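Peer 1: let's see this in three dimensions:
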Amino acid sequence: MIIAGFVLLAVGAVDLVRQFAPRRWIGYLTVAVLLLLLGSVSDALLPMIAALVVGALWVWSMPDERRAPLGFWPAVILGLVSVGAVVWLGARADAGLIGDVWSLRSPFGDVSFDLAMLVLGAGVFLLESSNLVVRAALDGEHTWRPSDPEPAAPVVPEPTTPVPLVPPVGDGSDAAVDAAPTKPADPRGGFKGGRLIGPLERTIVMILTLAAAYPVLAAMLAAKGIVRFPEISRDGETGARAEYFLVGSLVSWVIALSAAFLVWWAAHS
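Peer 2: Model (predicted):
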């Protein structure tokens, strides 16, 4: 269990650092030192070193500025490793120095250090790392995204009537010809809020699933479809916006539900 928690925590931490730190190497070094200290006091230094190696491989295989070279397969491998660590290894009997002073209670009983690290790692992974997984899934399926030009339906050319040429007014030079004013592109165009909405949505899905609040969860997911309906209803013949919404939402929900199932399994094992 501790391996899954540390791996998810390391991957999520490095993704947060490369999004918000102006000098990434300083953030990476700080994260590595803090996580190594955490692994030392919890008698899990080797699992933490392995987690940092996985985090470095994740940064290479899931870049944030270009298409992922391996698609979303690194996320699939990461999920299998996390599930295997929880199912076959379970919780430890001794958590080292921090285990002597660790005490955390919840409405469901005592929470062990290993389970707390798994919950923390899953929560951090749902923030920015899951955004990269969703983006890799959209790119892997060649799904149109709002930041790209929307694919236009083929247009059949219509016969046109010749328009008489009007000589330009002025001295005849190129400078005298007026150009049509162009409207600058709005940098806020597209679904830019999805980068914040996605982590919030996944966190709420995970919490509601663990709390067994399934009616509230169903209502929230239905409300998202209602809110997006006006945008999807303006979709053209290509169905690009509907495909973008469905692929992105389903992948995001699968990640959140998988994290909740992983925590549930660890808590009841």
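Peer 1: pretty sure L210 contacts W264?
Peer 2: Yes - applying C-beta atoms under 8 Å as the test, L210 and W264 come out as touching, 6.3 Å apart. Every residue, glycine included, has its C-beta placed from N, CA and C.
Peer 1: and the two? Which one has more around it.
Peer 2: Between L210 and W264, counting by other C-beta atoms under 10 Å, L210 is the more crowded of the two (16 against 13).
Peer 1: please name the residues that touch that one.
Peer 2: Taking C-beta atoms under 8 Å, 6 or more residues apart in numbering as the criterion, L210 is in contact with A260, V263, W264.
Peer 1: what helix or strand is the second one located in?
Peer 2: Counting by DSSP states H and E, the secondary-structure element that holds V263 is helix 240-268.
Peer 1: give me the buried positions along that helix.
Peer 2: Along helix 240-268, these residues count as buried under the neighbour rule (16 or more other C-beta atoms under 10 Å): 240-241, 243-245, 247-249, 251-256, 259-260, 262-263, 266-267.
Peer 1: tell me the helices in the stretch 151-269 of the chain, going along the chain?
Peer 2: With helices called from DSSP state H, counting those that start in this stretch, the stretch 151-269 of the chain shows them at 194-210, 214-233, 240-268.
Peer 1: nearest to L104, out of these?
Peer 2: helix 240-268 (12.5 Å; C-beta to C-beta).
Peer 1: now that closest one: average pLDDT?
Peer 2: Here the mean pLDDT over helix 240-268 is 88, rounded to a whole number.
Peer 1: the inter-axis angle of it versus helix 214-233?
Peer 2: Angle of helix 240-268 versus helix 214-233, following axes from the mean of the first three to the mean of the last three C-alpha atoms, to 10 degrees, is 160 degrees.
Peer 1: use 12 as the first number from now on
Peer 2: Okay, using 12 as the starting number, the last item reads as helix 251-279.
Peer 1: can you show me the helices along the stretch 12-161 of the chain?
Peer 2: If DSSP H, counting those that start in this stretch is used as the criterion, the helices of the stretch 12-161 of the chain fall at 13-31, 35-52, 56-72, 84-95, 107-112, 124-136, 140-151.
Peer 1: R78 and D150 touch, don't they?
Peer 2: Yes - proximity of R78 to D150 meets the contact threshold set by C-beta under 8 Å, at 5.0 Å.
Peer 1: could you tell me the end-to-end distance of stretch 127-147?
Peer 2: Terminal residues of stretch 127-147 are spaced 29 Å apart (C-alpha to C-alpha, to the nearest Å).
Peer 1: likewise for stretch 73-83?
Peer 2: Looking at stretch 73-83, the gap from its leading to its trailing residue is 8 Å under the measure C-alpha to C-alpha.
Peer 1: got a list of what S72 touches?
Peer 2: With C-beta under 8 Å, 6+ apart as the criterion, the residues that contact S72 are A79, P80, L81, P85.
Peer 1: generate a ChimeraX selection restricted to the buried subset of the residues you listed.
Peer 2: Selection of buried members from the contacts of S72 for ChimeraX, criterion 16+ other C-beta under 10 Å:
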select :79,85
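Peer 1: quick check: the two most widely separated of the contacts of S72?
Peer 2: When these are compared pair by pair using C-beta to C-beta, the maximum separation belongs to P80 and P85, at 9.5 Å.
Peer 1: export the helices of the stretch 12-161 of the chain as JSON lines, with columns for mean pLDDT and distance to Y225.
Peer 2: Putting those into JSON lines (pLDDT from 0 to 100; distance: least, C-beta to C-beta, whole Å) gives the following:
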{"stretch": "helix 13-31", "mean pLDDT": "92", "distance to Y225": "24"}
{"stretch": "helix 35-52", "mean pLDDT": "93", "distance to Y225": "34"}
{"stretch": "helix 56-72", "mean pLDDT": "94", "distance to Y225": "32"}
{"stretch": "helix 84-95", "mean pLDDT": "92", "distance to Y225": "22"}
{"stretch": "helix 107-112", "mean pLDDT": "84", "distance to Y225": "35"}
{"stretch": "helix 124-136", "mean pLDDT": "94", "distance to Y225": "19"}
{"stretch": "helix 140-151", "mean pLDDT": "88", "distance to Y225": "21"}
